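# Mind folding the following:
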Amino acid sequence: MLVAMNLGKWVAILGNALLLTGCGDDTQTGGGGGAGASATGGAATGGESSAGAPAGGADVGGAATGGAGGQAAGGAPPANSGDCDTAADCPPDTECMEVAAGGYRVCTDVVVEAVACGSKLDECCNTARCAEGLCLSTPLTPFCGGVQQVEYNVCAVDQCDNQGDCNGQDSVCLSAPMLGYKVRACYYTQCRHDTDCEAEVGGICAPVQEPCCGGSAGLYCVYPSDGCRTNADCVDGYCQPGVDRATCETGGPICPA
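Reported below is the predicted structural model:
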């Protein structure tokens, strides 16, 4: 009788052990399979890295899959003001670019290369004749003053390569072509970002045209009370870029002869 009881006891213990072992195998198989699925369809596939991104469903449809690009395309536009947010806001064959890093955005220009000579002053008839740069017609940057320049072809090269080529904090090396600049050149900046314009609530840092010839004068603070970007913004007056802002002035501007 004692032997039978002991035998039954050991059979029960052995059965429980086998049951626990089987549960452990199921858990390991299911858990491991879940982790593998997350690594394949989640952050490891579309994210920045499989090692640094946590496993989970959020990464599949969130930042790990769409990234910053998805946020810029479908989310809120950048905080700083601009004429455009993406290339979709611009004419064909142009892009939406920042005037200064993190600042106002404008659509780039379309620059047409010269394909023939038309003046005795021409330095080139087409780009193939240039040792460097593109064959473009002058002026290469907005010009206002004195006698109107005669247009002729030149082998156009950038006037600056980076910020170090420009005058400290008073200008940036402007990407081109934009704002009437056919080549990269130093561009005046009274401000760089909307946050630099603190005299009034709602101030923005935007490109402003000079009042005489309409070329882009630089980045200036423009405020809701009396601000402007072009002469068209001013009733019976003109838009004058000033020391600390661009404002509407009465009368007419004093222009170079």
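# From now on I want contacts and neighbour counts done on CA atoms only, so please keep to that.
Will do.
# Roughly how far does the residue nearest to E95 when sequence neighbours are not counted sit from M178?
Distances taken as C-alpha to C-alpha, 6 or more residues apart in numbering place A87 nearest to E95, at 4.7 Å, with adjacent residues excluded. Here the criterion is C-alpha to C-alpha, to the nearest Å. By it, A87 lies 14 Å from M178.
# Could you tell me which residues touch both of these two?
C107 (C-alpha atoms under 8 Å, 6 or more residues apart in numbering).
# out of these two, which sits in the more crowded spot?
Set side by side, A87 and M178 show more neighbours around M178, with 24 against 16, by other C-alpha atoms under 10 Å.
# what separates the more buried one from A116, distance-wise?
Taking C-alpha to C-alpha, one finds M178 at 24 Å from A116.
# for the residue nearest to E95, what are its contacts?
94-96, 107.
# can you rerun that using 10 Å?
93-97, 106-108 (C-alpha atoms under 10 Å, 6 or more residues apart in numbering).
# For those, which PyMOL command selects only the ones that are buried?
Selection of buried members from those for PyMOL, criterion 16 or more other C-alpha atoms under 10 Å:
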select buried, resi 94+95+96+97+106+107+108
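# Nearest to T127, out of the contacts of A87: which one, please.
In terms of C-alpha to C-alpha, no member of the contacts of A87 lies closer to T127 than D93, at 19.9 Å.
# Test for you: state the pLDDT assigned to the closest residue to the closest one other than its chain neighbours.
Leaving out its chain neighbours, the residue that sits closest to D93 by C-alpha to C-alpha, 6+ apart is V110, at 7.3 Å. pLDDT, V110: 95.
# thinking again about what came up before, columns secondary structure and distance to P142 on top of the contacts of A87, output as TSV?
Below are those laid out as TSV (DSSP: H, G, I helix; E, B strand; the rest coil; distance: C-alpha to C-alpha, whole Å):
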residue	secondary structure	distance to P142
D93	coil	22
T94	coil	19
E95	coil	20
C96	strand	20
M97	strand	19
V106	strand	16
C107	strand	17
T108	coil	15
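# ok, so of the contacts of A87, who is nearest P207?
The nearest member of those to P207, counting by C-alpha to C-alpha, is V106 at 8.9 Å.
# Now that the closest one has come up, it's in contact with C84, right?
Yes. Contact criterion C-alpha atoms under 10 Å: V106 and C84 qualify, at 5.9 Å.
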